[in-house]
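Visitor: take this sequence and fold it.
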Amino acid sequence: MPSIPTPGSASKANANPIGCLLIFFLPFFGFGIFFLLSGLKQGLFDGDSSGFGQAGFGLVFAAFPAIILFAIRKQEHKKGKLIGTGSGTAFAAHPAWPRVKNQKTGQFGTVLQNASVGSGCAILVIGFFALFWNGISWTAAIGIFNDAGGGGMKWGALAFISIFLLIGLGLIALLVHQILRAVLVGDPRLELTKEPLAPGDRARLTVFQPGNFPITSAKITLIAQERATYRVGTTTHTAEHNVLEEVLAEASDLRASKTQPLFSNLQVVIPPNAMHSFKLGNNELAWKIKVELDIPNRPDVKDDFLFRVAPLEARS
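Guide: Numbering: from 1, shown residues only. Model prediction:
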């Protein structure tokens, strides 16, 4: 299995998706700083106390992107942390081997970490974003309609704000979808009899889907994915490639259950010549189990669950 070349010393850690979000949130931050400074000027130097309200509004507007970026960055950092601490020469020789804290143990083995944003966290982030976006957009729209009562509708302004209103409605629809996913479906739970594995190892996988509803089809896939981030000029690109993709199980006409597993005793086999997991700067090789569930009249599931393949020297 090919490995990803080590990045140069001048390379920085992968900034995606933070870099793209920075571009999206910069206008929010700019408008917020503008309203903050103009409000403070109005309140402190012009003697108009209403300026402090405007300054508070600007502060919230400027802080909003920072809060969202911090939450996403924390989630990304959580994915790269380690299960256990590890020690000895094997770990010292492989400092890029990923480590994740707070490992949990289930009935059939180690509970694997969901690499996707959990449904609960997604509801909080999207809900806050939708509330903020719609609050600003509809306040502006109401102001336009109120001004129209005094002398004609400003159709250009209305057309402009309509774009933001449509985005807000889309955010509400996305929030409803996430709530339905959390309430009606929930998150799968995967347990592996051994974690970490090493090249040549095998383990048994058990897949649970809590609830009580029919599942039209289910597919469980073992994936080893290379990911490299590089920069061309001022543009950052990310290349992904599955160096291994193996379907472990496919079935139809299943049913979710709180007590009975969806799949049990699935064999996860790591090839003897496989590359171990690592995350170093802009380069990463991640081993994961992809769960795809087609559920009638409910949101579908398409989640990735991480596990580690250790260097041979760290094999226990």
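
Visitor: in stretch 135-143, which residues are buried?
Guide: By neighbour count on 16 or more other Cβ atoms under 10 Å, the buried set for stretch 135-143 is 136-137, 141. Bear in mind the C-beta positions are built from the backbone N, C-alpha and C, glycine included.

Visitor: could you give the mean pLDDT of the longest strand anywhere in the chain?
Guide: For the chain, the longest strand by residue count, based on DSSP state E, is strand 235-255. Mean pLDDT, strand 235-255: 90.

Visitor: that strand: what's the following helix or strand?
Guide: With elements assigned by DSSP states H and E, the helix or strand that comes after strand 235-255 is strand 263-269.

Visitor: tell me which helix or strand comes right after that following strand.
Guide: With secondary structure assigned by DSSP H and E, strand 263-269 is succeeded by strand 278-280.

Visitor: by contact count, what packs against that next one?
Guide: strand 283-294 (3 or more Cβ pairs under 8 Å, 6 or more residues apart in numbering; DSSP states H and E).

Visitor: how about a cut-off of 7 Å?
Guide: Secondary-structure packing of strand 278-280 (3 or more Cβ pairs under 7 Å, 6 or more residues apart in numbering; DSSP states H and E): no helix or strand packs against it.

Visitor: before we move on, the earlier item: same list (the buried residues of stretch 135-143) but as TSV, adding pLDDT, distance to residue 32 and secondary structure.
Guide: Listed next are these as TSV, based on pLDDT from 0 to 100; distance: Cβ to Cβ, whole Å; DSSP: H, G, I helix; E, B strand; the rest coil:
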residue	pLDDT	distance to residue 32	secondary structure
136	75	11	helix
137	76	15	helix
141	75	20	helix
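
Visitor: helix/strand/coil for residue 146?
Guide: Of the three states, residue 146 takes helix under DSSP: H, G, I helix; E, B strand; the rest coil.

Visitor: contacting residues around it?
Guide: Taking Cβ atoms under 7 Å, 6 or more residues apart in numbering as the contact definition, residue 146 lies against nothing.

Visitor: quick check: it vs residue 123, distance?
Guide: In this view, residue 146 and residue 123 are 33 Å apart by Cβ to Cβ, to the nearest Å.

Visitor: please apply the same query to residue 236.
Guide: On the measure of Cβ to Cβ, residue 236 and residue 123 end up 29 Å apart.

Visitor: now for the residue nearest to residue 211 when sequence neighbours are not counted, how many residues are close by?
Guide: Counting by Cβ to Cβ, 6 or more residues apart in numbering, the nearest residue to residue 211 once its immediate chain neighbours are dropped is residue 256, at 3.8 Å. Residue 256 has 22 neighbours, counted by other Cβ atoms under 10 Å.

Visitor: pull the contacting residues for residue 256.
Guide: 209-213, 215.

Visitor: if we use 10 Å, what do you get?
Guide: 185-186, 188, 208-215, 218, 262, 293, 295, 298, 301 (Cβ atoms under 10 Å, 6 or more residues apart in numbering).

Visitor: now it: how far from residue 286?
Guide: 27 Å.

Visitor: just the buried ones from the contacts of residue 256?
Guide: Among the contacts of residue 256, those classed as buried by 16+ other Cβ under 10 Å are 185-186, 188, 208-209, 211, 215, 218, 262, 293, 295, 298, 301.

Visitor: what's the farthest-apart pair in those?
Guide: Longest distance between any two of the buried ones among the contacts of residue 256 is 16.7 Å, between 208 and 298; criterion Cβ to Cβ.

Visitor: before we move on, the earlier item: turn the buried ones among the contacts of residue 256 into a markdown table, including secondary structure, distance to residue 104 and pLDDT.
Guide: Below are the buried ones among the contacts of residue 256 laid out as a markdown table (DSSP: H, G, I helix; E, B strand; the rest coil; distance: Cβ to Cβ, whole Å; pLDDT from 0 to 100):
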| residue | secondary structure | distance to residue 104 | pLDDT |
| --- | --- | --- | --- |
| 185 | helix | 21 | 87 |
| 186 | coil | 16 | 86 |
| 188 | coil | 14 | 92 |
| 208 | strand | 13 | 94 |
| 209 | coil | 18 | 93 |
| 211 | coil | 20 | 90 |
| 215 | strand | 24 | 95 |
| 218 | strand | 23 | 95 |
| 262 | coil | 19 | 92 |
| 293 | strand | 22 | 95 |
| 295 | coil | 25 | 94 |
| 298 | coil | 26 | 90 |
| 301 | strand | 20 | 91 |
